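Participant: Got a sequence here, can you build the structure:
(one chain, ligands or ions: 3)
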Amino acid sequence: MTTLAPQTVALQPPAHIAIIMDGNGRWAAGHGLPRVAGHQRGAEAVRRTVRGCVELGVEYLTLYAFSSENWKRPANEVSDLMSLLRLYLRRELRELSSNGVRLHVIGERDRLDDDIKKLIVEAEETTRHNDRLHMTVALNYGGRREITAAVRHIAHEVAAGRLDPEQISEETIEDSLATVGIPDPDMIIRTSGERRLSNFLLWQSAYAEFVFIPTLWPDFGREDLEAAIEEFHRRERRYGGRVG
Ligand code: IPE
Ligand code: IPE
Ligand code: MG
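Facilitator: Numbering: from 1, shown residues only. Ligands and ions are numbered 1, 2, ... in the order given. Take a look at the predicted model:
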């Protein structure tokens with residue numbers, strides 16, 4: 001177990017970095033290995049990235065680990081991914097705790113195995129007082145489902161007479177999303193060269209800076225993280241306004 005000290009870096013990282021961790025399968029194929037080996041190496045990349053974010057002083061890290069569409073994959077791959085998740089939650093909890101990481105899972109939990117649900121609750125409980133890095137793992141997550149659930153919740157509030165439709169604002173919707181309390185991502189990184197959101201943080205990404213990099217997720221390292229932060233600093237964020 002390593003306890004991490006903050007590092008002085010040239011560039012201030014964005015407060016919230018979100019990552020679409022893609023390319024495990026291609027990494028495995030490129031190394032003549034079964035897909036599961038790519039996912040295993042992907043879990044190591046998660047460990048490196050969390051450490052890097054803690055050291056660099058990132059406040060929020062959101063990782064897309066399993067989409068609501070990933071159930072379409074063959075059963076053995078889904079079960080390999082779930083086993084890796086179990087392993088990750090069991091093995092990393094102590095290190096996450098001691099490094100001030102608060103872990104939070106978004107996505108629909110009902111379809112997950114009971115023991116995984118328990119591990120998630122335990123990890124969230126154990127780390128709830130930490131506030132150095134807020135790490136959110138999107139698991140069985142889909143942006144459209146999240147928005148649909150928010151709409152359903154708001155409709156119930158209206159039907160029950162607790163909410164006037166005229167009072168529905170952007171904040172009402174934000175407060176009904178799984179990410180309530182988490183600021184929008186400043187930067188979304190996607191590895192593996194794909195350039196799409198794949199149903200990730202649809203509402204929250206309205207003004208995110210997108211950084212698409214060719215590196216396959218299992219190869220993602222500290223240099224990639226720092227290069228993405230440098231790229232972020234080259235962007236000019238206008239939010240519809242004008243600079244100068
Ligand atoms: C990302 O790698 C992991 C998940 C989506 C769970 P992939 O498994 O999608 O890898 P590629 O895209 O097939 O290379
Ligand atoms: C997106 O990757 C989901 C995760 C990284 C967890 P996919 O590999 O599933 O996305 P598509 O199918 O290429 O859009
Ligand atoms: Mg993929």
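
Participant: can you give me the strands in the protein?
Facilitator: Taking DSSP state E to define them, one finds strands in the chain at 16-20, 60-67, 101-106, 133-141, 187-190, 209-212.

Participant: Could you dump those strands into TSV with distance to Gly38, mean neighbour count and mean pLDDT added?
Facilitator: Quick note: C-beta positions are derived from backbone N, CA and C, even for glycine. What follows is the strands of the chain, written out as TSV (distance: least, C-beta to C-beta, whole Å; neighbours: other C-beta atoms under 10 Å; pLDDT from 0 to 100):
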stretch	distance to Gly38	mean neighbour count	mean pLDDT
strand 16-20	15	25	99
strand 60-67	14	22	98
strand 101-106	22	22	98
strand 133-141	18	23	98
strand 187-190	16	24	99
strand 209-212	19	18	98
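
Participant: So for Arg196, which of these sits nearest?
Facilitator: For Arg196, the closest of the strands of the chain is strand 187-190, at 7.7 Å, according to C-beta to C-beta.

Participant: Strand partners (parallel or antiparallel) of that closest one?
Facilitator: As defined by DSSP bridges, the strand partners of strand 187-190 come to strand 16-20 (parallel), strand 209-212 (parallel).

Participant: can you list the residues of the protein near ligand 1?
Facilitator: 21-26, 66, 70, 81, 192, 217 (C-beta under 6 Å from any ligand atom).

Participant: Tell me, how many residues neighbour the nearest residue to Arg102 once chain neighbours are set aside?
Facilitator: The shortest distance from Arg102 to any non-neighbouring residue, by C-beta to C-beta, 6 or more residues apart in numbering, is to Asn130 (4.2 Å). Burial measure for Asn130: 17 neighbouring residues, criterion other C-beta atoms under 10 Å.

Participant: correct me, but Asn130 touches Ser97?
Facilitator: Yes: Asn130 lies in contact with Ser97 (C-beta atoms under 8 Å); the separation is 6.8 Å.

Participant: In JSON lines, list the strands paired with strand 187-190 along with distance to Ala43.
Facilitator: Shown next, in JSON lines, are the strands paired with strand 187-190 (distance: least, C-beta to C-beta, whole Å):
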{"stretch": "strand 16-20", "distance to Ala43": "14"}
{"stretch": "strand 209-212", "distance to Ala43": "22"}
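
Participant: what's the nearest residue to the closest residue to ligand 2 within the chain if we skip its chain neighbours?
Facilitator: Per C-beta to the nearest ligand atom, Ser198 is where the chain lies closest to ligand 2, at 3.7 Å. Nearest non-adjacent residue to Ser198, counting by C-beta to C-beta, 6+ apart: Ser67, 6.1 Å away.

Participant: for the one you found, which residues make a bridge with it?
Facilitator: Going by DSSP bridges, Ser67 is paired in beta bridges with Tyr141.

Participant: re earlier: need the pLDDT of the residue nearest to Arg102.
Facilitator: Here, the pLDDT recorded for Asn130 equals 98.

Participant: Report pLDDT for the residue nearest to Glu236 when sequence neighbours are not counted.
Facilitator: Among residues not flanking Glu236 along the chain, Val243 sits closest, at 5.9 Å (C-beta to C-beta, 6+ apart). Here, the pLDDT recorded for Val243 equals 80.

Participant: Now do Val243 against ligand 1, distance only.
Facilitator: For Val243, the distance to ligand 1 equals 36 Å [C-beta to the nearest ligand atom, to the nearest Å].

Participant: try Pro13
Facilitator: 23 Å.

Participant: now do Phe200
Facilitator: Counting by C-beta to the nearest ligand atom, the gap from Phe200 to ligand 1 is 11 Å.

Participant: Quick check: chain neighbours aside, which residue is closest to that residue?
Facilitator: Counting by C-beta to C-beta, 6+ apart, the nearest residue to Phe200 once its immediate chain neighbours are dropped is Tyr64, at 5.0 Å.
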